[in-house]
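# can't give you the sequence, but here's the structure:
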């Protein structure tokens, strides 16, 4: 892999290491100066290798990545920058149209199986990757609408080891994953993007977000295949949100089905310098990287990504706030 780093003057770089690894304006609107992006390109040969690597048995044996305990959320980092709100709307793809949403579901204050169908049932999916020690792991990601129709939002710790700076390889995304089935194919990463502040702070969870750009399957882009959720930056806080992930506990289907939580965001007051927001519901290992969505319509399965599952504490799960750092990273990934 080839890694390219870009840094903004006066801001340190960063990334998070997880012990379990052993290790509405146009989308192209320009953000205020933000922290640097780290882009890692995946060669064509590496993409082919990843495509062939993930056999059914390897999917089953991959370890679910745990969310980071809030107490170990990393060293202090500069406060994130905020600016004007930027949002990109969701888009329905052919696959989502075939999986119409069902009747509205009751509130979920504990993880429950998502049976509502709709756009989220095709845009959420499982991520699989390998580290340099040969370990194989699983996370969650969500398709985000973008100019190139080819990116997903996930957690930084599902892309890079914050302790060492190692960017993971054999990285693939399987939208709509269910009980080992790959209804829309396996999309291999062509480029991985994380914020450099995530590694330089040794894993400050304020910067635990990442994007992956993926290739095509059958000559079609990811969004043209499954649709995309909207995404919002510098958005209001304290909103009603829904989170989705492939938690690995037996109660959550052992990582083989999509689960759902919902609640009203509250600020993370348990970690000095935190800019994260959470809800009173927590999903287990494997849900890392799953999307938090605001303005989520249970009748269509569409909404706006405002963060990803990152850290947990007790019965709460938290997401990093998508400010200018995340916007800069998204614009580079989605161009």
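Cool, the structure landed. Please read these numbers as outputs of a predicted model, since none were measured by experiment. Residues are numbered from 1 along each chain as shown.
# can you pull out the strands in the stretch 1-150 of the chain?
Remark: strands assigned in the stretch 1-150 of the chain by DSSP state E, counting those that start in this stretch are 2-5, 37-41, 63-64, 68-69, 86-88, 91-92, 112-113, 124-130, 136-144.
# all helices of the stretch 201-335 of the chain, in order?
If you assign secondary structure with DSSP state H, counting those that start in this stretch, the helices in the stretch 201-335 of the chain sit at 222-226, 324-334.
# With the stretch 1-150 of the chain instead?
Using DSSP H, counting those that start in this stretch, the helices of the stretch 1-150 of the chain run over 44-53, 56-61, 94-97, 120-123.
# any idea which of these is most buried?
Of all the helices of the stretch 1-150 of the chain, helix 120-123 has the most neighbours on average by mean count of other CB atoms under 10 Å, namely a mean of 29. (Each C-beta comes from the backbone N, C-alpha and C, glycine too.)
# give me the low-pLDDT residue ranges for the stretch 51-200 of the chain?
Within the stretch 51-200 of the chain, the segments meeting pLDDT under 70 span 67-82, 95-109.
# So what pairs up with residue 293 in the strands?
The bridge-partner assignment for residue 293, based on DSSP bridges, gives residue 242, residue 305.
# Can you report how many residues lie near it?
The local packing of residue 293 (other CB atoms under 10 Å) involves 29 other residues.
# For it, give its distance to residue 195.
Using CB to CB, to the nearest Å, one obtains 21 Å as the distance from residue 293 to residue 195.
# what do you get for residue 234?
Using CB to CB, one obtains 15 Å as the distance from residue 234 to residue 195.
# quick one, which of these two is more surrounded?
Each of residue 234 and residue 195 has its neighbours counted (other CB under 10 Å); residue 195 has more, 32 against 21.
# Tell me the bridge partners for the more buried one.
For residue 195, the beta-bridge partners are residue 37 (DSSP bridges).
# That one contacts residue 329, correct?
Yes. The pair residue 195 and residue 329 qualifies as a contact (CB atoms under 8 Å) at a distance of 5.8 Å.
# what's the overlap in contacts for these two?
Taking CB atoms under 8 Å, 6 or more residues apart in numbering as the criterion, residue 195 and residue 329 both touch 37, 209-210.
# Serialize these to a markdown table and add fields for neighbour count.
Supplementary listing: the shared contacts of residue 195 and residue 329 in a markdown table, determined by neighbours: other CB atoms under 10 Å:
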| residue | neighbour count |
| --- | --- |
| 37 | 22 |
| 209 | 31 |
| 210 | 30 |
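# Can you convert the residues you listed into CSV and add a column each for pLDDT and distance to residue 322?
Formatted as CSV, the entries for the shared contacts of residue 195 and residue 329 read as follows, by pLDDT from 0 to 100; distance: CB to CB, whole Å:
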residue, pLDDT, distance to residue 322
37, 92, 14
209, 98, 7
210, 98, 12
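# Which residue is the nearest non-sequential neighbour of the residue nearest the centre of the chain?
Of all residues in the chain, the one closest to the mean position by CA atoms, centre = their mean is residue 154, 1.5 Å from it. Distances taken as CB to CB, 6 or more residues apart in numbering place residue 289 nearest to residue 154, at 3.4 Å, with adjacent residues excluded.
# Am I right that that neighbour is in contact with residue 139?
Yes. Because the distance of 4.3 Å satisfies CB under 8 Å, residue 289 is recorded as touching residue 139.
# which neighbours do those two share?
127, 154-155, 158.
# what sits against residue 54?
When the contact criterion is CB under 8 Å, 6+ apart, the partners of residue 54 are 128, 170, 172, 186.
# mind checking which helix or strand the second one is in?
Under DSSP states H and E, the secondary-structure element containing residue 170 is strand 169-175.
# Could you list every helix and strand in contact with that strand?
For strand 169-175, the helices and strands in contact under the criterion 3 or more CB pairs under 8 Å, 6 or more residues apart in numbering; DSSP states H and E are helix 44-53, strand 124-130, strand 136-144, strand 187-195, strand 210-214, helix 222-226.
# Mind doing that once more with 7 Å?
When contacts are defined as 3 or more CB pairs under 7 Å, 6 or more residues apart in numbering; DSSP states H and E, strand 169-175 sits against helix 44-53, strand 124-130, strand 187-195, strand 210-214.
# Appreciated, that's everything.
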